[in-house]
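Enquirer: everything below, folded, please.
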Amino acid sequence: MMEKRRTGHGKHHLLATVVRIEMAEERDRIKALEEQVQNLGHALAQTQIFAAPSSSV
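Expert: Next up is the predicted model:
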(Lines give C-alpha, C1' and ligand atoms only; values in the text may rest on other atoms or scores of the structure.)
Protein backbone atom coordinates (compact mmCIF):
# COMPACT_ATOMS: atom_id res chain seq x y z
CA MET A 1 0.00 0.00 0.00
CA MET A 2 2.82 2.38 0.84
CA GLU A 3 4.50 1.62 -2.47
CA LYS A 4 1.35 2.50 -4.38
CA ARG A 5 1.00 5.74 -2.47
CA ARG A 6 4.63 6.72 -3.08
CA THR A 7 4.54 5.90 -6.79
CA GLY A 8 1.18 7.60 -7.20
CA HIS A 9 2.83 10.91 -6.33
CA GLY A 10 5.85 10.55 -8.59
CA LYS A 11 8.28 9.39 -5.89
CA HIS A 12 9.75 6.43 -7.72
CA HIS A 13 13.19 7.33 -6.39
CA LEU A 14 12.07 6.22 -2.90
CA LEU A 15 11.49 2.62 -4.01
CA ALA A 16 14.32 0.12 -3.93
CA THR A 17 15.29 -1.19 -7.35
CA VAL A 18 16.41 -4.80 -7.56
CA VAL A 19 18.43 -5.79 -10.61
CA ARG A 20 19.21 -9.46 -11.15
CA ILE A 21 21.87 -10.38 -13.66
CA GLU A 22 22.02 -14.02 -14.71
CA MET A 23 23.65 -16.03 -17.42
CA ALA A 24 21.69 -18.23 -19.83
CA GLU A 25 23.02 -21.36 -18.11
CA GLU A 26 21.83 -20.06 -14.74
CA ARG A 27 18.38 -19.38 -16.14
CA ASP A 28 18.17 -22.94 -17.48
CA ARG A 29 19.41 -24.38 -14.18
CA ILE A 30 16.91 -22.31 -12.18
CA LYS A 31 14.09 -23.51 -14.42
CA ALA A 32 15.20 -27.15 -14.04
CA LEU A 33 15.43 -26.79 -10.26
CA GLU A 34 11.98 -25.19 -10.07
CA GLU A 35 10.55 -28.11 -12.06
CA GLN A 36 12.32 -30.55 -9.73
CA VAL A 37 10.87 -28.80 -6.67
CA GLN A 38 7.40 -28.94 -8.22
CA ASN A 39 7.78 -32.66 -9.00
CA LEU A 40 9.00 -33.38 -5.48
CA GLY A 41 6.06 -31.44 -4.06
CA HIS A 42 3.63 -33.51 -6.13
CA ALA A 43 5.36 -36.72 -5.05
CA LEU A 44 5.20 -35.70 -1.40
CA ALA A 45 1.52 -34.86 -1.72
CA GLN A 46 0.86 -38.26 -3.28
CA THR A 47 2.66 -40.09 -0.48
CA GLN A 48 0.72 -38.14 2.13
CA ILE A 49 -2.57 -38.91 0.40
CA PHE A 50 -1.83 -42.63 0.23
CA ALA A 51 -0.28 -42.80 3.70
CA ALA A 52 -3.08 -40.93 5.45
CA PRO A 53 -4.28 -43.03 8.35
CA SER A 54 -7.89 -44.01 8.20
CA SER A 55 -9.24 -43.23 11.61
CA SER A 56 -12.45 -44.88 12.65
CA VAL A 57 -13.89 -42.54 15.21
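Enquirer: can we go C-alpha only for contacts and neighbour counts from here?
Expert: Will do.
Enquirer: how far away is the most centrally placed residue in the chain from G41?
Expert: Centroid check for the chain by Cα atoms, centre = their mean gives E34 as the closest residue, at 8.6 Å. As for E34, its distance to G41 is 11 Å (criterion: Cα to Cα, to the nearest Å).
Enquirer: could you do I30 as well?
Expert: Taken as Cα to Cα, the span from I30 to G41 is 16 Å.
Enquirer: also V19?
Expert: Distance, V19 to G41, using Cα to Cα: 29 Å.
Enquirer: quick one: pLDDT of L14?
Expert: For L14, the model assigns a pLDDT of 80.
Enquirer: next one: the one 10 residues further on
Expert: Predicted confidence (pLDDT) for A24: 91.
Enquirer: from K31, how far off is it?
Expert: Taken as Cα to Cα, the span from A24 to K31 is 11 Å.
Enquirer: more neighbours: these two, which one.
Expert: A direct count of neighbours by other Cα atoms under 10 Å for A24 and K31 places K31 higher, at 12 against 9.
Enquirer: helix/strand/coil for V18?
Expert: The three-state label given to V18 by DSSP: H, G, I helix; E, B strand; the rest coil is coil.
Enquirer: for it, give me its contacts.
Expert: Going by Cα atoms under 8 Å, 6 or more residues apart in numbering, V18 touches no other residue.
Enquirer: ok, back up a step: who does the host helix or strand of the residue nearest to the centre of the chain touch, helix- and strand-wise?
Expert: E34 belongs to helix 24-50 when assigned by DSSP states H and E. Helices and strands touching helix 24-50, as assessed by 3 or more Cα pairs under 8 Å, 6 or more residues apart in numbering; DSSP states H and E, are absent.
Enquirer: any low-confidence regions in the chain?
Expert: 1-9, 52-57 (pLDDT under 70).
Enquirer: again, only this time at 80
Expert: By pLDDT under 80, the weakly predicted segments of the chain are 1-12, 50-57.
Enquirer: and for I21, the neighbour number?
Expert: I21: 8 surrounding residues under other Cα under 10 Å.
Enquirer: one more: the one 4 residues further on?
Expert: Neighbourhood size, E25 [other Cα under 10 Å]: 9.
Enquirer: neighbour-wise, which of V19 and G41 wins?
Expert: Legend: neighbour count by other Cα under 10 Å for V19 and G41, higher for G41 (12 against 6).
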